[in-house]
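> the sequence and its predicted three-dimensional model are supplied below.
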Amino acid sequence: MIDIQLLLANGATYRKVNGNEIIFSEGDTCSFYYQLIKGSVKWINMDSDGRECIHAVIENGESFGEYPLFDDRPYTDSAIACSESVLIRLCKPAFLKMLEENSAVLFSFTRLLSNRLRSKFALIKSLGSNNPTLRILYLLNHLKVERRNFCPDCSQLKLTRQQIAGMTGLRIETVIRTMRNMHDNGDILINRGKVFYNNVT
């Protein structure tokens, strides 16, 4: 989201992480701005039963974990690499100074946070439905409109069934069964285990 050269000019450094490596944990103090260069990162909370609640699966170029940069409170969530990944990170004081000196970046960043907040409210509304098909369709529509977690050329969903379960609050067995029914009803296409979705309703 923020130009890499601008980040580097302000003192950012690269960091390589392994799959399943924790980048930060709920309750940690926030010391860095993070942006994904390569790989995949899940932004999560754990419920009391140890199940993941996935807020987002971060893609290349996206930032994550920004909220504590502004309110000086601990992280309310965790970030874990889904695969071997490369991040760029900038220490908090340098990041805030960069925003003060670059109004265009500050405006863009404010817009990003507003979009994420809007998405969160809409997702909470969808979780009120007891219909798993509606929950999954809402998620697919939302991601498609946001141009996230989909292949732009072939409309293949780049999330696993487990990640969909974590994002919708459904059990993995429910997601598998529901998506099979959605395929039979023509809502999605499943081909060799890969999910394709074109419609936005």
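Received, thanks. All values derive from a computational prediction rather than experimental measurement.
> from now on I want contacts and neighbour counts done on CA atoms only, so please keep to that.
Fine.
> what's the burial count for His183?
17 (other Cα atoms under 10 Å).
> I should have written Ile176 there, sorry.
Counted with other Cα under 10 Å, Ile176 comes out at 15.
> can you check Pro74 too?
Pro74 is flanked by 16 other residues according to other Cα under 10 Å.
> so it, which state does it fall into?
Using DSSP: H, G, I helix; E, B strand; the rest coil, the structure places Pro74 in coil.
> Leu117: helix or strand, and which one exactly?
Here Leu117, judged by DSSP states H and E, is contained in helix 103-126.
> now the helix or strand following that helix: buried residues?
Sequence-wise, the next helix or strand downstream of helix 103-126 (DSSP H and E) is helix 132-146. Neighbour-count burial for helix 132-146 flags 132-133, 135-144 (criterion: 16 or more other Cα atoms under 10 Å).
> from the chain's centre, how far out does stretch 176-193 sit?
Stretch 176-193 sits 23 Å away from the centroid of its parent chain (Cα atoms, centre = their mean, to the nearest Å).
> let me see the mean pLDDT of it.
Stretch 176-193 shows a mean pLDDT of 93.
> so how far does that stretch reach from one end to the other?
The first and final residues of stretch 176-193 sit 11 Å from each other (Cα to Cα, to the nearest Å).
> right, I'll leave it there.
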